[in-house]
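A.B. asks: Output the structure for:
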Amino acid sequence: MVLIRLARIFIVFFIFATFLAYVKSDILSLNNKYFNRHSQKISGLGLKSGLLALDPRDIQYKLRSSFKPFTNHDVHKRSTTSNSTAEAKNSEKQSATPVSGKSGSDLKIEVTKFDFINTENTDHVHLNWVGNSSTQRIFILMIKFDFSHGWIDVEQSLLWSSENYGETFQLRNFSKDSRISFMYTVPSNPRKILFTDMDKKMIYTTDDELIHNSSYPVPVEPDLIVPHPSDENKLLLYSYMEQKLFASENFAATWTLVAEGVLPDFYWGDPDFDHSADVVHMQVEGETPSQAIYKACLLPGCQHVSGDLDQVGPFVSGTLRIHKEYMFVQKENQNGSQTYLMVSYQRQPFRRAQFPTNEETSDFLILNLDDGQVFVAVHHKDTVNLYLSDVTGEYYVQSLENVFHEEKLDWFQIDFAEVKGLKWTFMANKLDNSDRSAPGFVQTYVSYDKGGNWAPLFVNKSCSKVKDCALLLELKDSFELDPMRSADTAPGIILAHGLLGQSRRDRAMTVFATRDGGATWKEAPFNNTCYLRILNHGSILAAIPDDSSSKIVHYSLDQGNNWQSQEFEENGLNIDWIGSEPGTSSLIQSIFGQKARGTPWRYVKLNMSTLLTRNCEDDDYEFWSPKDYNMDDSSSDCVLGKIVQYKRQKSDAICYNDKTLAAHIVNDTVCECTREDYECDFGYEKAGDACKRAAWFSDDFVPAECVDGGEYWKSQGYRKIPADVCIENDADKSKYAKKKADCPSAAPSGLSVSCGMKTIPLGKEVVFYLEQARGSKWNTNYTWDFGDKSKAVVVAGFKNASQQKYTFHTSGDLNIIVTAKNEKGEEKTVFPVNVQDRLSRLKVSAPWASVVGFDVNIFALPMSRAQLFPTELDNVHYLWSFGDEAFKSRPLLSWNSSMVHSYDKAGTFIIDIVASNSISSVSEQIPIRIFDTALTLEIRFEDTIGLYAVQNPMILSLFTQSLRLQIAQDLGINRDRLEAEMIRNQSAAYLFLFPTERKYETSVLEIKDKIIDQTKKGLLGFDLFGSHLNSKNLIKIISAKEVSVSPQDKKKSGPNLTPLYIAVPVLAIVIICSSVAMLIYFRRKRRAAGTRYTMFHAQDESDTMLDDEDVAPLNLDFTGGQGSRDDPLLDTGVSCLVMETGQGMSEDAAIC
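C.D. replies: Predicted coordinates:
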């Protein structure tokens, strides 16, 4: 576990270092990027980290508008220059004068600059607008990170605030040594802000925009805070390191533990679909690192929320996504070869999503969930297709195939964008592979009806020649380019970088603008990659070049028809970030950057309101209705069953948009249904103007509604588009509506059994989950054979058979066989498990004493509650400490139950042994006395010793103890004067005679003489089972003589190489898995100084890395839970493989 944590820390360091060192460069050709990406595609690992679009964590940086609209008086009062003062950290003041550009007008942008002195070492900046329309406060948090300790620390933080919307800034402090890591605004009350100090485990709060503040300690490092969506006082607090989730109901004053073992994806409830908004949905650790379990509880107190959602069983960790009525997780089949999507609609039980191909699915990316329909991208081996669902999110039809994508280590990314301000308008970049001999040609496609119809994007509708008029746009956000920009408050206006025509290689990109949702585009007159912004409902479009020395801002006052420019920074600025306050009326652009790397940060405020000399009036607005320009008859204004009419600003009206008159919907008319309002249903494909049954679709397909048999609504090949609101007539219903039919009967197929672990505790009740992809369920009998010779369990119907609880009473490798059978056929699946008993105690066999330099044979015999544990079969590993190791050295890891060790000095030492299997661990300590010298006798036994298995560690221990005890009794001496060691492959043993410091004790020479004399007389012998001189069981000593035995190896025994053999492959696996985990779990810190040894957790036979006949399989526990031992963590500075293993197992039922 320590290796995993260290690897995670390394990955975090690498990511941050890369980010801080990254300098954006000009991209000469957008088309080159696509060609290179396609020809040098990276093979991904297929980790299920799709579904990224819905993560609610973005709320920590959500901003709220606070810009006050101008009145006419305000506009005329403002001057084109300003001379504002600023209070810097050392009370120095600066002023900034706007620089006149060549705009062709006397009106200039008002430019205000502010240099934050002594900030050149900070490397991370957060800017936040806070408050409501009555305030204009800006907070800027600057952070300097420290990586020198092996983890990420905040070395310095500076919090600046502006009370006058960026004219001046003042430095704020909570305490002398506070180091702020993040700041959060509360969405339900923008005046409330939280600041976290992870180093001191503190949270600072304010409910009045930092006029006053309070500080509160928190129980863990406050890595993440998620405010309640509607209650401003309720918060969730999460620690990545400890994986604990806490809740507060009094705005961080006090905290209560919600759950442990929580993974980072958790969500507040939605009162429209949950019992309460105070429900918390979460995923908690499963029994293996790659699996998670769904959990929901009601605050306060984390009361269990009843329902069937937890019946989904273990799923791929990190894939829980929740948005309104939909919930998603991803599951794998039992051999991990395929991933499938599970969906819950309106909190009903999860069902498997059905996609209309026979291709395997490996990952999913949710794109849009509006209007009762799921828009999803699905990764099929080498291709990505887009699909649209029915209202339940269960049945999907193809929308667009072969979408351009990039495969990452864990996931995939596509070029896809939703056009804001125009419902149902989407764009995607599609790869045309019609010519397989050449690289694919990428072109942007557009849909105006939520993916129903797609068509290539052209610069205008009068030109449809790909060679000259095809338009390729950059749609997604990246380090290279600003993404396509649109705004909810500016319907129809889009800004984007793009390339025109087919001959794109080595051509520079330019900026394109449209005001009709993409039907016609106009190219900007400058050849730069830019930061793009749409301001004040589209009254101003802005583009600031993205280079290492930005000086100019380009702007358009007529929605992209004409552009002007103005210089705002004489010597240029290396821009790191540009933003404008989210809101309907903002005309302020905030620029953050440095004159050069390593210089203080500069804030530049561009007040573009000076370009607008008047407020808009009624005559400055027009009525506009978007169309589906992909249709042959694009004259119809009806899209998805209704005509939407907007009132928006005319392109030639140069005026300020007051929010009371700004763009908004003024007419929303419903249309009568036509053929275009219906799409082909699941299992059908478009053929001309009709829908026909797809070749892959079988008449025996059994819908999920038939889980109980009976009747269902059978499709006629059509379904009304879920987002469509058209009015159906009787003829439409007769032609397109579903009709009742009897549920079909089909042979079951696609069986899969899942369980959170393949190593199961003996005697523990576990739960197995059954999935069936296809076939009938209501008339099928399911037979569960658990492979332990117990009577098979036969269950009628899938509902009763989908979960089976079972308790194993036989250990070993077992195969669970599930058979599904009905009148149409049968299907079987095999699920291998390893059942292990808990270790109850550890018996150690070792001599009580030995001599310096002689090998000491030590045997460890773990025992279960019922019997000895044969280590070759039950995957027990051992950690050995002999008491003479150097300070801070590591115990030896071994798969063998015996160890040979020699000591190089006299003294008393403690031998410490830990034995562990996948579900438990036990330990034992025994002392051993090492003497400098000893007199050695070689004694031989009669041949009857061959009747006893003295090579067995238990028999050997009993043998040597009985021999010592009997000789000591016969000679009348203390038994601690003797120790015996069998000679390998002989009926003989060495008998060591140790000196004593006690007075009046028999000397070593006297003991020797007595033993030799008694042996000659035939009087020495012993009974292994305690009946002294019983002729039946007597083992006689037939000879005894003094011998001079030299230590076989005076040098201390070398290190056990087994850890080295294990270390190399394990270390490689740890690094790979840790990198993957970092992309899901973000950042974790390591504070503990060492490693805990306990048990291996959730072991899987597939992880065997050494020969089966030599060692047991090895698996690593990535969970970091508490083990059954509380050994202090060892220092990690020594170069040795160290493993943290195990989690304690409770006596409660283990849910697999």
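A.B. asks: can we go C-alpha only for contacts and neighbour counts from here?
C.D. replies: Noted.
A.B. asks: how close does the residue nearest to Ala846 when sequence neighbours are not counted sit to Val922?
C.D. replies: In space, and not counting its chain neighbours, Ala846 is closest to Ile858: 4.7 Å by Cα to Cα, 6 or more residues apart in numbering. As judged by Cα to Cα, to the nearest Å, Ile858 and Val922 stand 16 Å apart.
A.B. asks: When the two are compared, which one has more neighbours?
C.D. replies: Counted by other Cα atoms under 10 Å, Ile858 and Val922 do not tie: Val922 has more neighbours, with 22 against 17.
A.B. asks: What residues of the helix or strand hosting that one count as buried?
C.D. replies: According to DSSP states H and E, Val922 maps onto strand 921-931. Buried residues in strand 921-931, counted by 16 or more other Cα atoms under 10 Å: Ser921, Val922, Ser923, Pro927, Ile928, Arg929, Ile930, Phe931.
A.B. asks: Next: stretch 246-264.
C.D. replies: 246-249, 251-253, 255-264.
A.B. asks: Also stretch 286-296?
C.D. replies: Gly286, Glu287, Thr288, Pro289, Ser290, Gln291, Ala292, Ile293, Tyr294, Lys295, Ala296.
A.B. asks: From these, pick the one nearest Leu431.
C.D. replies: Nearest to Leu431 among the buried residues of stretch 286-296: Ser290, at 32.9 Å, using Cα to Cα.
A.B. asks: what's near enough to touch the closest one?
C.D. replies: Neighbouring residues of Ser290 by Cα atoms under 8 Å, 6 or more residues apart in numbering: Val316, Ser317.
A.B. asks: Got the confidence number for it?
C.D. replies: Per-residue pLDDT puts Ser290 at 85.
A.B. asks: Next: Ala496.
C.D. replies: At Ala496, the model reports a pLDDT of 95.
A.B. asks: Run a quick neighbour tally on the residue nearest to it when sequence neighbours are not counted.
C.D. replies: Spatial nearest neighbour of Ala496, chain neighbours left out: Met484 (4.4 Å); criterion: Cα to Cα, 6+ apart. Counted by other Cα under 10 Å, the residues lying close to Met484 total 25.
A.B. asks: Would you mind measuring from Met484 to Ile544?
C.D. replies: 14 Å.
A.B. asks: Could you do Lys1017 as well?
C.D. replies: Applying Cα to Cα, the value for Lys1017 to Ile544 is 109 Å.
A.B. asks: Neighbour count for the two, which is higher?
C.D. replies: The residue with more neighbours, out of Lys1017 and Ile544, is Ile544; 21 against 11, by other Cα under 10 Å.
A.B. asks: Can you add secondary structure and distance to Tyr769 and give the buried residues of stretch 286-296 back as a markdown table?
C.D. replies: Output for the buried residues of stretch 286-296, formatted as a markdown table (DSSP: H, G, I helix; E, B strand; the rest coil; distance: Cα to Cα, whole Å):
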| residue | secondary structure | distance to Tyr769 |
| --- | --- | --- |
| Gly286 | coil | 14 |
| Glu287 | coil | 14 |
| Thr288 | coil | 16 |
| Pro289 | coil | 18 |
| Ser290 | coil | 17 |
| Gln291 | strand | 14 |
| Ala292 | strand | 14 |
| Ile293 | strand | 12 |
| Tyr294 | strand | 14 |
| Lys295 | strand | 16 |
| Ala296 | strand | 19 |
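A.B. asks: next structured bit after the host helix or strand of Phe959?
C.D. replies: When elements are assigned from DSSP H and E, Phe959 belongs to helix 953-971. Using DSSP H and E, the helix or strand that follows helix 953-971 in sequence is strand 978-982.
A.B. asks: got the angle for that following strand vs helix 953-971?
C.D. replies: Between strand 978-982 and helix 953-971, the angle comes out at 140 degrees (axes from the mean of the first three to the mean of the last three Cα atoms, to 10 degrees).
A.B. asks: strand partners of the following helix or strand past strand 978-982, parallel vs antiparallel please.
C.D. replies: The helix or strand immediately downstream of strand 978-982 is strand 988-993, counting by DSSP H and E. Take DSSP bridges as the rule and strand 988-993 pairs in its sheet with strand 935-941 (antiparallel), strand 978-982 (antiparallel).
A.B. asks: got the contact list for strand 988-993?
C.D. replies: Residues contacting strand 988-993 (Cα under 8 Å, 6+ apart): 850, 934-941, 977-983, 1004, 1007-1008.
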